[in-house]
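Asker: Predicted model and sequence follow; I will ask about them next.
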Amino acid sequence: MDIFPWNIVVALGIGLLIGVERERSDAEQHTVAFAGIRTFALTALLGALAFSLGSTALLVAVALAVAALVALSYHRSSATDLGGTTEIAMLVTLLCGAMAVEKPALAAGTGTVVAVLLHIKPVLHQTVRTTMTRNELTDGLLLAAAALVVWPLLPDRQMGPYDAWNPHLLWLVVLLFMAMSAAGHLAVRLLGQRYGLPVAGLFGGFVTSTGTIASLAGHGAQPHWRHAAIAGALLSTVATYLQMMFLLGIASPQLLKVAAAPLGGGLLVIALFGGFHTWRSVRHAAADHPDDPPGRMFDWRIGLTFALIVSVLQVITLAVNQWFGQQGVTAAALLGGFADAHATAVSIGSMTAAGKMAATDGLIPVLAALTSNAVSKIVVAMAGGRRFAWPVAIGIVLSTAASWAMLWLAVR
């Protein structure tokens, strides 16, 4: 097998990169490891040369020889150091060097990831052992299982009454909810409630904007957090527009193309309001107050409930469309929006994608759901008092009006 100078350079670079990290780590810990810069560089070159000769048996023999040396080193050092990170890194370096012959880009990326993992050991240990709570670890594992185990197993086709359900798409919606909620939780953990509330409001809006505003209303009733809570509530509506556009893009790109201008107009208005109040929250930041203890990263029941709402709305909307036509769909969307505008948008998008409704006919129901959802947000914002509810209501009303105005301009 031919080998080019570039492949040798990549293999050598991988070995040097990992070797430098190991050498530096040993120096900081005042220990002497069996392998340093030169050993790792030579190991990567050995892997590249063995693979380039085209003999699988030779590569296996070289790997076994290196593994034997690594095992011998571990046996000698295990009495004082039970860790085997350097030994495992040596074997990975050999394989990366071999990979560099045929797939240099993949090998370089893998080597870089290995070096980064080795270097951030203190951060990883501190995060897992002290910073991360048990609930957060449980939620992280649950999210990983939902994304890597459950999602690939679900069928990617329409089924159920009126062929309304696509399990693969519905579970993707659940995953998005869980991921966005986790991101908001991390924002509050990293920034604190004073600065994290606006960021948490944005990410929480991807889960449930109405629920986020309801939770922020409690903070809005407290003067020292009012500005941050208002910013978070407005930014949660920014998330409503963003997620609606994102979900429409997944469910029905044709409907998104038609709805882009009305949704974009509303997004611009609410983003300006949210940005202004975020600036005010930073400018008028009060002294630090004790933050609440960290809770769960997300509530998986909310995600499943949302998927259930989407499923029911899809069947209802398709049935109403078949029985009463376009006007019935708009009425169903208006009612569904009081609970969740995203779910209604997905159901309308699924109908247009399946060819059961024209994309232009789906725009009015989507905006109707957005409008009724705006009413729900304003109602729950009142729980935070007038000083909290008025700025939130003004931003939501003007953004909704902007969406309808853009539609009116488009049809003139």
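Answerer: Cool, the structure landed.

Asker: for the protein, longest helix please?
Answerer: Taking DSSP state H as the criterion, the chain has its longest helix at helix 167-220.

Asker: Contacts only, for residue 252.
Answerer: Contact partners of residue 252, counting by Cβ atoms under 8 Å, 6 or more residues apart in numbering, are 348, 349, 350, 352, 353, 359, 362. No exception for glycine: its C-beta is placed from N, CA and C like everyone else's.

Asker: rewinding a little: which strands and helices lie in contact with the longest helix of the chain?
Answerer: With contacts defined as 3 or more Cβ pairs under 8 Å, 6 or more residues apart in numbering; DSSP states H and E, helix 167-220 has these neighbours: helix 134-145, helix 151-153, helix 226-251, helix 253-283, helix 300-324, helix 341-353, helix 359-381, helix 386-411.

Asker: Determine which stretch of the ones you listed is the most buried.
Answerer: helix 341-353 (a mean of 28; mean count of other Cβ atoms under 10 Å).

Asker: how distant is it from the center of its chain?
Answerer: 21 Å (Cα atoms, centre = their mean, to the nearest Å).

Asker: Repeat that for stretch 335-349.
Answerer: Taking mean C-alpha positions (Cα atoms, centre = their mean), stretch 335-349 and its chain are 22 Å apart.

Asker: quick one: contacts of that stretch?
Answerer: Residues contacting stretch 335-349 (Cβ under 8 Å, 6+ apart): 164, 169, 173, 208, 210, 240, 243-244, 247-248, 250-252, 255-256, 306, 309-310, 313-314, 316-317, 329, 333, 357, 362, 365-366, 368-373, 375-376.

Asker: where among the helices and strands packed on helix 167-220 is the average confidence lowest?
Answerer: Note on these: helix 300-324 shows the lowest mean pLDDT, a mean of 68.

Asker: Show me how the protein divides into domains.
Answerer: 5-127, 133-411 (automatic domain parsing).

Asker: so where's the stretch 1-150 of the chain shaky on pLDDT?
Answerer: 1-4, 26-35, 74-84, 127, 131 (pLDDT under 70).

Asker: if you set the cut-off to 80 instead, what comes out?
Answerer: In the predicted model of the stretch 1-150 of the chain, residues 1-4, 25-36, 54-57, 59, 70-87, 122-137 satisfy pLDDT under 80.

Asker: Okay, strands next: where are they in it?
Answerer: With DSSP state E, counting those that start in this stretch as the criterion, the stretch 1-150 of the chain has no strands.

Asker: How are the helices of it distributed by residue range?
Answerer: In the stretch 1-150 of the chain, the segments counted as helices under DSSP state H, counting those that start in this stretch are 5-28, 37-52, 56-77, 85-102, 104-119, 121-126, 134-145.

Asker: how much space between the residue most central in space within the chain and residue 151?
Answerer: The chain has residue 179 as the residue nearest its centroid, 4.5 Å off, counting by Cα atoms, centre = their mean. From residue 179 across to residue 151, the span is 12 Å (Cβ to Cβ, to the nearest Å).

Asker: hmm, back to that, could I get the helices and strands packed on helix 167-220 in a markdown table, plus columns for distance to residue 86?
Answerer: Below are these laid out as a markdown table (distance: least, Cβ to Cβ, whole Å):
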| stretch | distance to residue 86 |
| --- | --- |
| helix 134-145 | 27 |
| helix 151-153 | 35 |
| helix 226-251 | 44 |
| helix 253-283 | 46 |
| helix 300-324 | 39 |
| helix 341-353 | 49 |
| helix 359-381 | 55 |
| helix 386-411 | 55 |
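
Asker: closest to residue 159 out of those helices?
Answerer: helix 300-324 (11.0 Å; Cβ to Cβ).
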